[in-house]
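>>> This is a predicted model, with the sequence first.
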Amino acid sequence: MRDCDVLIAGAGPAGCATAMLAARGGLSTVVLDRPQPAQSWAGETLPPGMENLVRSVFGADILSEINHRPAFGTRSVWGSSALVETDFLANPLGEGWILDRARFDAVAREIVLAQGVDIIRVGHIGPPARGSSAWHLDLGDGACLRARFLVDASGRSGALLRRLRTRRIAADRQIAILSAYPDDGDTYCGTTVEAVAEGWWYTTPLPHGRRVLAYMTDADLWRHGTRCWHELLRETHHVGRCAGQRALFARPAVYPAGTAQAEHLAGDDWLVVGDAAMSFDPLSSQGLASAIVMGAKAGEAIAHPDRGEAFAAWAEEYRMLFAEHSDMRTFYARLERRWPHSAFWQRRHEPDHAAIRLRGTATC
């Protein structure tokens with residue numbers, strides 16, 4: 001039986017950020033890294049203004065042009081058929097970043113290890129059992145960990161949430177039908193977004209000569225396969241041209257991409273963070289930066305001498321973040337009025353009742 005102060009299930013950016021700040025606060029911290037099947041959310045970006053926040057958590061080495069590439073703007077076809085460019089050169093917060101997400105996560109883990117955090121690769125995480133003063137977690141093959149505090153940073157799956165007697169509440173059923181492939185698209189170094197009748201597309205050039213292309217719609221509106229994905233791509237005004245000819249031979253896969261929130265974010269000796277706590281619409285480019293910032297603040301709260309007060313402030317900040325995201329999501333959806341009979345857009349033009357209900361659930 002091994003003991004630690006804080007046990008974090010999940011070695012992604014949120015889990016690593018939580019571990020960094022908990023360890024800086026003097027707590028012995030262990031992170032469980034459970035390798036997932038090869039699937040990545042390609043096209044991850046950091047919007048302008050996030051670079052310094054990310055570096056403040058992980059240090060200067062987390063971002064470099066060797067692994068990632070600067071983003072100089074965004075282009076959108078939204079509310080009309082015109083392609084409109086927003087240049088980051090005019091943004092006082094500076095440029096953004098297009099990430100090699102696998103490399104970003106690997107460097108974050110290396111930095112966490114250097115901070116003195118233990119990362120254990122596991123193939124199995126059993127249900128947590130609460131003892132009189134600690135959590136007990138079975139890792140298989142007779143291995144067991146005992147921790148005074150438990151963190152679920154396992155992503156959208158929320159692997160531990162159900163076992164903590166809480167649940168994730170979805171505001172929508174959005175999915176991404178997505179593919180990454182060798183890039184032969186245009187030379188624009190930024191994300192291009194185009195609204196269509198039952199959803200929207202985006203394409204982004206990735207580091208190391210690849211590109212991502214995704215069609216976003218609701219799960220109940222997608223009853224088709226790869227062939228339909230290609231046919232819908234041919235109907236776009238701009239994204240198809242930007243994405244290149246190889247897009248027509250790409251083989252997409254389906255990923256969850258909805259907005260959701262955990263019913264409860266924390267208890268006396270546990271909390272959830274990152275996508276397990278809140279997942280955001282990819283249109284906002286908010287998910288990764290929010291996961292890192294709120295993960296760091298979770299680590300600070302765990303190490304705080306008055307956890308109750310710290311958790312309440314942290315949960316309130318998460319609630320406000322979700323409310324702002326919901327308001328912006330509705331605002332941008334209502335800018336698109338070209339398809340008044342579209343189920344996808346009708347749902348987003350109405351008051352966001354699910355998101356409004358979720359605003360009140362970010363409690364400890």
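Thanks, I have it. Numbering: from 1, shown residues only.
>>> What residues sit buried inside the lengthiest helix in the chain?
The single longest helix within the chain, with elements called by DSSP state H, is helix 307-335. Buried residues in helix 307-335, counting neighbours by 16 or more other C-beta atoms under 10 Å, are found at 307, 310-311, 314-315, 318-319, 321-323, 325-326, 329, 332-333. Where you see a C-beta, it was placed from the backbone N, CA and C, and this is true even at glycine.
>>> With stretch 115-132 instead?
Using 16+ other C-beta under 10 Å as the test for burial, stretch 115-132 gives 115, 117, 118, 119, 122, 125, 128.
>>> Pull up the gap between the fourth one and residue 189, please.
Here the criterion is C-beta to C-beta, to the nearest Å. By it, residue 119 lies 33 Å from residue 189.
>>> do the same with the last one
According to C-beta to C-beta, residue 128 stands 44 Å off from residue 189.
>>> which residues of the stretch 251-364 of the chain fall in strands?
253-256, 260-262, 270-272, 278-279 (DSSP state E, counting those that start in this stretch).
>>> Show me what the longest helix of the chain is packed up against.
When contacts are defined as 3 or more C-beta pairs under 8 Å, 6 or more residues apart in numbering; DSSP states H and E, helix 307-335 packs onto strand 278-279, helix 287-303, helix 343-349, helix 353-359.
>>> Nearest residue to the most centrally placed residue in the chain in space, ignoring adjacent ones along the chain?
Central residue of the chain (C-alpha atoms, centre = their mean): residue 287, 3.7 Å from the mean position. Once flanking residues are discounted, residue 287 sits nearest to residue 280: 4.6 Å by C-beta to C-beta, 6 or more residues apart in numbering.
>>> so who does that neighbour touch?
259, 286, 287, 290, 325 (C-beta atoms under 8 Å, 6 or more residues apart in numbering).
>>> Report the lowest-confidence entry in those.
Lowest pLDDT within those is found at residue 286 (83).
>>> who does residue 77 bridge with?
Beta bridges link residue 77 to residue 194 when assigned by DSSP bridges.
>>> returning to that earlier point: of the helices and strands packed on helix 307-335, which approaches residue 224 most closely?
Ranking the helices and strands packed on helix 307-335 by their distance to residue 224 (criterion: C-beta to C-beta) puts helix 343-349 first, at 14.3 Å.
>>> residues near the residue lying closest to residue 313 once chain neighbours are set aside, how many?
What sits nearest to residue 313 in space, not counting adjacent residues and going by C-beta to C-beta, 6+ apart, is residue 301, at 7.6 Å. Using other C-beta atoms under 10 Å, residue 301 has 26 other residues around it.
>>> same question, residue 234
If you count neighbours by other C-beta under 10 Å, residue 234 ends up with 9.
>>> Repeat that for the one 4 residues further on.
A count of nearby residues for residue 238, using other C-beta under 10 Å, gives 19.
>>> what do you get for residue 35?
9.
>>> Any idea what the closest residue to it other than its chain neighbours is bridged to?
Nearest non-adjacent residue to residue 35, counting by C-beta to C-beta, 6+ apart: residue 121, 6.7 Å away. As for beta bridges, residue 121 partners with residue 33 under DSSP bridges.
>>> For residue 121, which residues are in contact?
By C-beta under 8 Å, 6+ apart, the contact list for residue 121 reads 33, 34, 35.
>>> Among the residues you listed, which one sits closest to residue 203?
Distances from residue 203 to the contacts of residue 121, taken by C-beta to C-beta, are shortest for residue 35, at 28.3 Å.
>>> Please tell me how far that closest one sits from residue 58.
With C-beta to C-beta as the criterion, residue 35 and residue 58 are 21 Å apart.
>>> So for residue 216, what pLDDT did the model give?
What the model reports for residue 216 is a pLDDT of 96.
>>> Please tell me I have it right and it contacts residue 257.
Yes. Residue 216 lies in contact with residue 257 (C-beta atoms under 8 Å); the separation is 6.0 Å.
>>> Give me the common contacts of those two.
Joint contacts of residue 216 and residue 257 (C-beta under 8 Å, 6+ apart) are 174, 175, 176, 282.
>>> ok now do the third one, which residues does it touch?
With C-beta under 8 Å, 6+ apart as the criterion, the residues that contact residue 176 are 214, 215, 216, 254, 255, 256, 257, 282.
>>> Likewise for the last one?
If a contact means C-beta under 8 Å, 6+ apart, then residue 282 has 176, 202, 214, 216, 257 as its contacts.
>>> Adding distance to residue 230, pLDDT and secondary structure, write the buried residues of stretch 115-132 out as TSV.
Formatted as TSV, the buried residues of stretch 115-132 follow (distance: C-beta to C-beta, whole Å; pLDDT from 0 to 100; DSSP: H, G, I helix; E, B strand; the rest coil):
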residue	distance to residue 230	pLDDT	secondary structure
115	46	94	coil
117	45	96	coil
118	46	95	strand
119	41	96	strand
122	39	86	coil
125	39	77	coil
128	45	86	coil
